[in-house]
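Trainee: Got a predicted structure plus its sequence, pasted below:
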Amino acid sequence: MKLHSLTAHQIIDLYREKKTSPQEVFKDVLSRINALDSRVHAYARLYRDAPTSCCHKTAVGVVSTQGNYPIPIAIKDNMCTQGEEITCSSRILKGFYSPYDAHVVKKIKQSGGMILGFANMDEFAFGSSTENSCYGPTYNPWDLSRVPGGSSGGSAASVAADEAIWALGSDTGGSIRQPACFCGIVGLKPTYGRVSRYGLVAFASSLDQIGPLTKDVTDSALLMNIIAGYDERDSTSVNEPVPDYTKALVNDIHGIKVGVPQEAFGQGLDPQVRKAIEATMNQLKKLGANVKKISLPHTPYAVAAYYIVATAEASSNLARFDGVRYGWRQSPTDVRKNALIDMYEETRAKGFGDEAKRRIMLGTYVLSSGYYDAYYLRGQKVRTLIKQDLDNAFKDYDVILTPTAPTTAFKIGEKTFDPLSMYLSDIYTIPANLAGIPAISIPCGFSAQGMPIGMQLMAKAFDEEMLLRVAFTYEQNTEWHTKKPNL
Ligand code: GLN
């Protein structure tokens with residue numbers, strides 16, 4: 001049996017029946033990585049001990065009981081892990097070894113999780129294709145000439161290629177959902193505040209959220225059970241009881257109200273994606289849901305508002321990387337102004353990639369005096385309007401359905417020189433981050449070229465259970481999630 005091709009819940013069942021051990025599973029996934037990753041390049045680095053020890057220390061000998069999940073996992077390269085080099089796939093953080101574990105990493109270790117390695121990503125999570133990495137791009141397992149999406153492209157590709165059983169990603173404007181969509185897997189962005197951001201290297205602090213990338217909806221619920229919950233070290237973490245998400249896995253959506261915004265069918269939507277979403281609407285109707293067209297009039301402004309708010313926060317968060325406290329330093333060759341200033345400048349000039357620099361410049365500009373009101377403040381006001389649209393819709397609807405992305409995975413290099421068209425890949429995912437609500441992407445079809453298509457469901461804050469229920473019901477009645485890339 002190919003253990004690496006299984007889901008986490010299938011592996012847990014095998015543990016319970018004593019048909020395999022965590023060591024065996026870990027070894028099997030590791031050999032899959034060794035066989036494939038030179039082509040897929042899902043990982044920036046393997047876990048320090050991974051190649052030599054067949055199992056993570058904390059997992060050795062653990063037999064699965066309730067709450068104990070010795071499952072091999074890929075962690076995005078922006079989550080601090082004690083004693084490990086964590087770089088956000090940026091040169092400026094090379095040589096930074098984290099002295100502590102992020103909250104989610106601690107949770108994973110406590111649950112017996114076995115860390116395989118750190119997944120490749122767009123530098124500091126800036127991007128939609130995982131091409132902006134100092135390690136070079138990750139390739140889409142369904143077609144190696146295409147991007148896996150981003151910025152959690154390494155996490156998504158590792159799961160789609162069976163180089164991990166499941167993975168963690170982070171989502172600021174779509175970075176879990178869009179790569180999940182491009183790679184044909186399930187990606188969930190939880191409600192803002194549901195999962196602690198302690199130890200996640202910040203991109204845009206008011207938008208970032210950590211979440212699961214998994215092979216199916218059941219695994220998404222299981223991984224949420226491990227990572228969700230209050231943490232006093234994150235002041236935005238919400239102290240609300242965490243449900244058992246597996247209880248939401250009910251195969252029944254009779255009477256559930258699904259709103260489909262007409263704005264999601266505008267310019268730029270690939271006709272094949274449109275067809276798949278229309279078929280999904282029909283399928284949901286057949287399953288008993290009440291599907292209606294609605295309007296979210298301010299969503300067309302979401303991308304513009306996002307790139308003001310997100311870059312403003314990013315420019316401030318990135319100010320700390322100056323060659324002094326973290327990672328890599330470029331010592332100036334000859335002193336022009338003074339040694340300290342020259343060192344800051346050269347470190348940042350050589351340490352950051354183009355996209356990071358673009359965002360620092362844009363973010364600094366929209367925050368500068370004289371422009372603050374015209375851009376940043378206005379961006380925040382538009383954000384409020386978008387949230388109000390969604391709040392109103394959730395008075396009448398349980399979930400909102402859209403495509404996850406306007407197209408399927410594009411070719412490597414296709415959008416490199418056109419950042420604006422790259423930014424548009426997140427047109428459907430960004431509103432959920434601006435409003436702080438949960439959203440999930442699940443597979444709902446394939447293009448004629450054989451590339452996966454994904455649909456997105458959004459729900460009101462802290463109603464992940466509704467998302468899981470609708471997604472689970474759809475998944476149980478379709479076969480998209482059972483397809484695997486031919487690698
Ligand atoms: N692609 C979006 C951006 O570049 C979102 C990234 C993310 O969610 N981290 O900002």
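Mentor: Received the coordinates, thanks. Numbering: from 1, shown residues only.
Trainee: make it CA atoms for all contacts and neighbour counts henceforth
Mentor: Fine.
Trainee: interface residues of the chain facing the ligand?
Mentor: Ala125, Phe126, Gly127, Ser128, Ser151, Asp171, Thr172, Gly173, Gly174, Ser175, Asp426 (CA under 6 Å from any ligand atom).
Trainee: Next up, the contacts around the first one.
Mentor: Taking CA atoms under 8 Å, 6 or more residues apart in numbering as the criterion, Ala125 is in contact with Cys88, Gly150, Ser151, Ser152, Ser170, Ser175, Phe203.
Trainee: Over to the second one?
Mentor: Contact criterion CA under 8 Å, 6+ apart gives Asn132, Ser151, Glu355, Ala356 as the residues in contact with Phe126.
Trainee: Out of those, flag the one nearest to the ligand.
Mentor: Of all those, the one sitting nearest the ligand is Ser151; the distance, using CA to the nearest ligand atom, is 5.3 Å.
Trainee: Next up, the contacts around the closest one.
Mentor: Contacts of Ser151 (CA under 8 Å, 6+ apart): Met121, Asp122, Ala125, Phe126, Gly127, Ser128, Ser129, Thr130, Asp171, Ser175, Ile176, Pro179.
Trainee: Asp270 too?
Mentor: Pro406, Thr407.
Trainee: For it, give me the pLDDT.
Mentor: Here, the pLDDT recorded for Asp270 equals 95.
Trainee: Mind jotting down where the helices sit in this protein?
Mentor: 8-16, 22-40, 103-110, 153-160, 177-183, 217-227, 271-286, 302-317, 339-351, 354-367, 378-396, 419-423, 430-435, 464-476 (DSSP state H).
Trainee: low pLDDT regions in the stretch 1-150 of the chain?
Mentor: 1, 49-67 (pLDDT under 70).
Trainee: Which residues are in contact with the residue of it found nearest the ligand?
Mentor: Residue nearest to the ligand within the stretch 1-150 of the chain: Gly127 (3.5 Å; CA to the nearest ligand atom). Neighbouring residues of Gly127 by CA under 8 Å, 6+ apart: Gly150, Ser151, Glu355, Met422, Tyr423.
Trainee: try 7 Å this time
Mentor: Gly150, Ser151 (CA atoms under 7 Å, 6 or more residues apart in numbering).
Trainee: Distance check, it against Asp28.
Mentor: 32 Å (CA to CA, to the nearest Å).
Trainee: what do you get for Pro70?
Mentor: When Pro70 is compared with Asp28 (using CA to CA), they lie 14 Å apart.
Trainee: higher neighbour count, the two?
Mentor: Pro70 (33 against 19; other CA atoms under 10 Å).
Trainee: pretty sure that one contacts Gln23?
Mentor: No: using CA atoms under 7 Å, Pro70 makes no contact with Gln23, being 9.1 Å away.
Trainee: which residues does Gly259 contact?
Mentor: Neighbours of Gly259 in contact, by CA under 7 Å, 6+ apart: Val291, Lys292, Lys293, Ile294, Tyr397, Val399, Ile400, Leu401.
Trainee: any chance of the residues you listed in a markdown table, plus neighbour count and pLDDT?
Mentor: Output for the contacts of Gly259, formatted as a markdown table (neighbours: other CA atoms under 10 Å; pLDDT from 0 to 100):
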| residue | neighbour count | pLDDT |
| --- | --- | --- |
| Val291 | 20 | 98 |
| Lys292 | 16 | 98 |
| Lys293 | 12 | 98 |
| Ile294 | 15 | 98 |
| Tyr397 | 21 | 98 |
| Val399 | 23 | 98 |
| Ile400 | 24 | 98 |
| Leu401 | 25 | 98 |
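Trainee: Now do Asn251 against Lys76, distance only.
Mentor: 31 Å.
Trainee: neighbour count winner among these two?
Mentor: Neighbours per residue, other CA under 10 Å: of Asn251 and Lys76, the larger number sits with Lys76, 32 against 16.
Trainee: can I assume the more buried one is in contact with Ala157?
Mentor: No: at 11.4 Å, Lys76 does not count as touching Ala157 under the criterion of CA under 7 Å.
Trainee: Just give the number of residues close to Asn486.
Mentor: 8.
Trainee: how about Gly268, what does it touch?
Mentor: With CA under 7 Å, 6+ apart, Gly268 has these contacts: Pro406.
Trainee: at 10 Å instead, please
Mentor: By CA atoms under 10 Å, 6 or more residues apart in numbering, the contact set of Gly268 is Pro406, Thr407, Ser421, Leu424, Ser425, Ile427.
Trainee: repeat for Gln330
Mentor: 92, 322-323, 342-351.
Trainee: Scan those residues and report the most crowded one.
Mentor: Ile92 (26 neighbours).
Trainee: Buried ones in stretch 409-425, by neighbour count?
Mentor: Ala409, Phe410, Lys411, Ile412, Lys415, Met422, Tyr423, Leu424, Ser425 (16 or more other CA atoms under 10 Å).
Trainee: how much space between Thr81 and Leu223?
Mentor: 18 Å.
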